[in-house]
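Sharing a model that was predicted from the sequence below.
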Amino acid sequence: ALQVALEELAERYHLPGLSAAIVHERKLVWSTGLGHADLEGDVWAAPETRYRLASVSKPFAAVLALQLVEEQKLALDAPMRDFWIPSWFAPDPVRYREQPITVRHVLEHTSEGTPGQRHAYNGNVYSDLTWVLEGVTRTAYPRLLEQRIFARAGMERSVPGHTQAGALELAELAVPYRWDGEGYVRTGWQMMDPDPRMDLTHFEPTYPMPPEALARRKELLGDGFMHLNAVSAAGEATSTVLDLARFDIALDEGKLLSQASRELMWTPRVVDGKPLPYALGWFVEEFAGRKV
């Protein structure tokens, strides 16, 4: 029944392909691929197919932030004005100097308007957490993902952005398409802060980091500097449903965060007696009497 429902959704929303998996009691119990990962190459989608995760990457940044809170290296209520935030993609960071916006506000998308009073989902603002996490750890964000999330959870087919070990990684990555009303049209991947030494044939558009920001980041990271190559706190890690299942299991087993930190991460702010739809990096809701 689930597979039939997924097939109907794929047809309704013009998805060329998708992959799905179910975890039950900390074990992978079902997985499948539907449709194509590459239409021109006639490559079918599979559980092992890698996708750009877009905003499904946000929970990774939330876990990293809570890890640093556990290590007493970061406070959720630390003012964003305390961190270097470049003027790039997100709204002008001058607002952090003018308003009492905290790391917690950015994690829960309540930094716009009166901080903490209204949920307004904004991926560009959330991307500012990239600079917070790099500033605290003095480690490039892609390496934080590799070392603190992927390695600990056993996510061997997950890649931060499009590079692994410094090399462009596109193998077995689902090809992007858009629906033009009559058929699928192949498109390119967007690439934020690409390494200029890479072949960017498949990437359109690209967004180089402004020179001043690039110089500041190189100064901060030293010999550990590396370009983001699309990834940020807000999106564009690449992974598989099987690795996302491993992420889920690792969370439940306490390999990434303590139970107290998980509960904090999954508890939305209450405003005027009503919980907001988003906690810290995760959408949270009640469904059939259960917390989802």
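Perfect, thanks for sending it. None of these values were measured; they are calculated from a predicted model.

So which bits of the strand or helix carrying residue 248 are buried?
In this assignment (DSSP states H and E), residue 248 forms part of helix 241-252. Neighbour-count burial for helix 241-252, counted by 16 or more other CB atoms under 10 Å, picks out 241-251. Backbone N, C-alpha and C define where each C-beta goes, glycine included.

list the buried ones in the helix or strand just after that helix?
Using DSSP H and E, the helix or strand that directly follows helix 241-252 along the chain is helix 259-265. For helix 259-265, a neighbour-count test (16+ other CB under 10 Å) marks 261-262, 264-265 as buried.

Dump the residues you listed into JSON lines; add distance to residue 96 as well.
Output for those, formatted as JSON lines (distance: CB to CB, whole Å):
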{"residue": "261", "distance to residue 96": "25"}
{"residue": "262", "distance to residue 96": "28"}
{"residue": "264", "distance to residue 96": "23"}
{"residue": "265", "distance to residue 96": "22"}
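
Looking at those, spot the one nearest residue 54.
residue 265 (19.8 Å; CB to CB).

who touches the residue nearest the centre of the chain in this structure?
Residue closest to the average C-alpha location in the chain (CA atoms, centre = their mean): residue 57, at 1.5 Å. Contacts for residue 57 (CB atoms under 8 Å, 6 or more residues apart in numbering) come out as 231-237.

try it again with 6 Å
Applying CB atoms under 6 Å, 6 or more residues apart in numbering to residue 57 gives the contacts 235, 237.

quick one: pLDDT of it?
For residue 57, the pLDDT comes out at 97.

Also residue 198?
pLDDT recorded at residue 198 is 82.

for residue 2, same thing?
pLDDT recorded at residue 2 is 92.

quick one: residue 62 and residue 283 touch, right?
No - counting by CB atoms under 6 Å, residue 62 stays clear of residue 283, with 11.4 Å between them.

of those two, who's got more company?
residue 62 (22 against 15; other CB atoms under 10 Å).

Just the CA trace of stretch 184-203, in PDB.
Extracted in PDB, the C-alpha atoms of stretch 184-203 (Å, rounded to 0.1, in the frame of the first residue of the first chain):
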ATOM      1  CA  TYR A 184      11.200  16.300 -17.900                       C
ATOM      2  CA  VAL A 185      14.000  18.800 -18.800                       C
ATOM      3  CA  ARG A 186      17.400  18.200 -17.400                       C
ATOM      4  CA  THR A 187      18.800  21.000 -15.400                       C
ATOM      5  CA  GLY A 188      22.100  21.700 -13.500                       C
ATOM      6  CA  TRP A 189      22.900  21.700  -9.800                       C
ATOM      7  CA  GLN A 190      23.400  25.100  -8.100                       C
ATOM      8  CA  MET A 191      26.900  25.500  -6.600                       C
ATOM      9  CA  MET A 192      27.600  27.900  -3.800                       C
ATOM     10  CA  ASP A 193      31.300  28.600  -3.100                       C
ATOM     11  CA  PRO A 194      32.700  26.200  -5.700                       C
ATOM     12  CA  ASP A 195      36.400  25.300  -5.700                       C
ATOM     13  CA  PRO A 196      37.600  27.100  -8.900                       C
ATOM     14  CA  ARG A 197      39.900  24.100  -9.700                       C
ATOM     15  CA  MET A 198      36.900  21.900 -10.300                       C
ATOM     16  CA  ASP A 199      35.100  21.100 -13.600                       C
ATOM     17  CA  LEU A 200      31.800  22.800 -13.100                       C
ATOM     18  CA  THR A 201      30.200  21.600 -16.400                       C
ATOM     19  CA  HIS A 202      27.100  20.200 -14.600                       C
ATOM     20  CA  PHE A 203      26.600  23.200 -12.300                       C
END
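
next one: it to chain centre, how far?
Here stretch 184-203 is found 18 Å from its chain centre; the criterion is CA atoms, centre = their mean, to the nearest Å.
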